[in-house]
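[1] What follows is a predicted structure for the sequence shown.
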Amino acid sequence: MTSGRIGVVVATQNRGKLAEFRSALGDLPVDLLSVDEVLPEYAGVVEDGATFEENALKKARAVAQSSLMIALADDSGLEVDALGGAPGVRSARYAGERATDAENNALLLRALEDVSDDVRTARFRCALCLLDPWAPGGEAIISVSGTCEGSIARSPRGTGGFGYDPLFIVAGDGRTHAELTDEAKNAISHRGRAAQALRPRLIELIEERARTTERISFAP
């Protein structure tokens, strides 16, 4: 970690998510470290929260307590209106606890097989939680969220992204997330929008850390 920067452990083992965070926040004086770099034995947590926010907080707290560093965690997923909001918080486990992206996508297409195009509306939702275990007065928690509206295609399109990206058609664009460039996706995706909402709060944290360091440095 470079002097003058702060280290943040990203509570994910998903390289695609880590790359998106680094793209969205990489211009700030922050070193975004993967959980594997800091906690090689990290086994994750049971994501049993009823909401994305609950799961994000649970992951952030677990990583912050284990690493004694600031932790950033997200929980995100796909909400399909015709399925009552499913797969929702179970998006990564829709077809089973160890389901692959292809298996989740296949199950989603089967579930929507008889649903007409005009009611295949859906959204990606992301909740981010930044937890500072060393904040004055105890741990500090910053929570933000972001969404991206769209609909579900009838077959996968595109070769980029991960998860449900090949099936998610962006509202007003016509392309799936998997057909967008990384830059275009980060600008409009649920995770990109959540990261943009986090930026000013993260900047405040960086500035406060700098002031604290100065006070310690010049203390008699």
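    Looks like it arrived, so ask away.
[2] Who's the closest spatial neighbour of the residue sitting nearest the centre point of the chain, skipping the chain neighbours?
    In the chain, the residue lying closest to the centroid (C-alpha atoms, centre = their mean) is D74, at 3.8 Å. Once flanking residues are discounted, D74 sits nearest to L128: 5.0 Å by C-beta to C-beta, 6 or more residues apart in numbering. From N, CA and C alone the C-beta is placed, and that goes for glycine too.
[3] what about that neighbour, which helix or strand?
    Assigned by DSSP states H and E, L128 belongs to strand 121-132.
[4] Quick one: residues in contact with stretch 179-198.
    17, 19-21, 23-25, 74, 76, 123-128, 130, 142, 144-148, 157-158, 160-161, 165, 170, 173, 177 (C-beta atoms under 8 Å, 6 or more residues apart in numbering).
[5] Could you identify the buried members of those?
    Neighbour-count burial (16 or more other C-beta atoms under 10 Å) applied to those gives 17, 20-21, 23-25, 74, 76, 123-128, 130, 142, 144-146, 148, 157-158, 160-161, 165, 170, 177.
[6] Can you give me the neighbour number for the closest residue to V45 other than its chain neighbours?
    Closest residue in space to V45, ignoring its immediate chain neighbours: A62 at 4.9 Å, by C-beta to C-beta, 6+ apart. A count of neighbours around A62, defined by other C-beta atoms under 10 Å, yields 21.
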